[in-house]
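Novice: Just need the structure, nothing else, for what follows:
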Amino acid sequence: MNSMTQLQPVTIYKDQFGREKRKLRISVTDRCNFKCVYCMPEHPEWMKKHNLLSFEALYSFCEFMVQRGIEQIRITGGEPLMRQGVVHFIEQLQPLKKNGLKRISMTTNGHYLKQYAKVLKQAGLDDLNISLDSLDEAQFFQLTQKQLKSVLEGIDAAKNAGFSIKINAVLMKGVNDQQIIPLTYWAQQQCFELRFIEFMPLDGDQNWTKDSVVTEQEILTTLKTVFEVNILHGQGASPARSYEVNGLPIGIISTISNSFCGSCDRLRLNAQGEFFNCLFAKKGLDLGKDIRSLKSTLSKNENPLDVLNMQNKLGSYIWHKEQGFHTITATSNSNTRKISMHMIGG
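Specialist: Now for the predicted structure:
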């Protein structure tokens, strides 16, 4: 009898508000080739490569979490396709679908998809979220310091490979909010689900202000000048509130003006093993050593106490997840950690 069998039955992780945790987001690198102002600091200090968890260790953690109720794993960054070996990692995860894992997804800036779309599909990746904040070439370059053409070519490659695709657009007032209508027309022509995201205080240089946010209501008001817009009910644990725009789906992630936190089912792990029960958590849980130890424990079917200790440590931390964004920000002070989107993923 191995260690995992001895610890059965295992319950699904829940927080103090009864929210079951079904989704795990893993940032495999903090490095990115884009310089999006809502994400990346002007002068990033990259994680040391020798501090990153190996894909073997990450697989062990994924196995551990799937056995505790995780049904969806999303690979994020930084830009995940900048980490060598990520395609093989997605292939490694496939056997977990026999143990309850339902979907393996990736969030990407699309720059490398022309090169990787086919092999990602062959490896078993189920779907892609692709960031696209403007269709104006000059504005896109201003936002990212990269060319729009490479991203559009990557999106075409992903579509041709047969991926289900969602397009994510972060809106900033006075910067790219005039892209609401063009992006909607384009997404409908391409038959992609488009999701507008309110600008969140996760920018690397902490220049965010509430005045920069294009709210859900402002997005809807703009859409209604051109399109017929109807709300779709049944949001569930999705971060996006769903609408039909001329009969096609569109989502709005309104963390600032109309938070979805009440049903959040997400957990996050960064590339060096820091675990977060919330995107805005004031403090993470350092699991780097535990996860490296877990890899050895599971491969040798020994030391069940190591597994039990991590199970309990995680359970306690997840249980104390706060109610949501507005609760956390209301109690924030100058000692809270500096959060940057590129280090934790979306």
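Novice: Pull the residues that contact stretch 148-165.
Specialist: 108-114, 117-118, 120-121, 125-130, 132, 134-137, 140-141, 167, 190, 192-193 (C-beta atoms under 8 Å, 6 or more residues apart in numbering). From N, CA and C alone the C-beta is placed, and that goes for glycine too.
Novice: And it, what's buried?
Specialist: Across stretch 148-165, burial judged by 16 or more other C-beta atoms under 10 Å covers 148, 150-155, 157-159, 161, 163, 165.
Novice: taking the contacts of stretch 148-165 one by one, which sit in strands?
Specialist: Here DSSP state E is the test, and the contacts of stretch 148-165 give 108, 127-130, 167, 193 as lying in strands.
Novice: Can you select the buried ones among these for me in PyMOL?
Specialist: Selection command for PyMOL covering only the buried members of the ones in strands among the contacts of stretch 148-165, criterion 16+ other C-beta under 10 Å:
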select buried, resi 108+128+129+130+167+193
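Novice: Grab the nearest non-local neighbour of Ile75.
Specialist: Met106 (4.5 Å; C-beta to C-beta, 6 or more residues apart in numbering).
Novice: Look up which residues are beta-bridged to that neighbour.
Specialist: Ile75, Leu128 (DSSP bridges).
Novice: And the pLDDT for it?
Specialist: Per-residue confidence (pLDDT) for Met106: 98.
Novice: Next: Pro95.
Specialist: pLDDT, Pro95: 97.
Novice: can you count the residues close to it?
Specialist: By other C-beta atoms under 10 Å, 12 other residues sit near Pro95.
Novice: Quick one: residues contacting it.
Specialist: Going by C-beta under 8 Å, 6+ apart, Pro95 touches no other residue.
Novice: Distance check, it against Leu101.
Specialist: Look at Pro95 and Leu101: by C-beta to C-beta, to the nearest Å, they are 9 Å apart.
Novice: So what sits opposite Asn230 in the bridge?
Specialist: Applying DSSP bridges, one finds that Asn230 bridges with Glu244.
Novice: What confidence value was assigned to it?
Specialist: 95.
Novice: surely it meets Asn246?
Specialist: No: using C-beta atoms under 8 Å, Asn230 makes no contact with Asn246, being 9.7 Å away.
Novice: In terms of neighbours, single out the busier of these two.
Specialist: Asn246 (14 against 11).
Novice: Spatially, what comes nearest to that one if we skip its sequence neighbours?
Specialist: Using C-beta to C-beta, 6+ apart, the nearest residue to Asn246 is Phe227, at 5.0 Å.
Novice: what about the one you found, neighbour count?
Specialist: Neighbours around Phe227, by other C-beta under 10 Å: 20.
Novice: separation between the closest residue to His320 other than its chain neighbours and Arg22?
Specialist: Leaving aside its chain neighbours, His320 sits nearest to Gln16 (6.5 Å; criterion: C-beta to C-beta, 6+ apart). Separation of Gln16 from Arg22 (C-beta to C-beta): 17 Å.
Novice: Who has more neighbours out of the two?
Specialist: Shown here are Gln16 and Arg22; by other C-beta under 10 Å, Arg22 has more neighbours (17 against 11).
Novice: I'd like to know how far the more buried one sits from Leu81.
Specialist: 25 Å.
Novice: For this protein, which helix or strand comes out least confident on mean pLDDT?
Specialist: Across the helices and strands of the chain, mean confidence by mean pLDDT, DSSP states H and E is lowest for helix 3-6: a mean of 42.
Novice: Helices along the stretch 101-250 of the chain, start to end?
Specialist: 113-123, 137-144, 148-160, 180-190, 216-223 (DSSP state H, counting those that start in this stretch).
Novice: Those helices into CSV, with extra columns for distance to Arg241 and mean pLDDT?
Specialist: Shown next, in CSV, are these (distance: least, C-beta to C-beta, whole Å; pLDDT from 0 to 100):
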stretch, distance to Arg241, mean pLDDT
helix 113-123, 27, 98
helix 137-144, 25, 97
helix 148-160, 24, 98
helix 180-190, 15, 97
helix 216-223, 7, 98
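Novice: All set, thanks.
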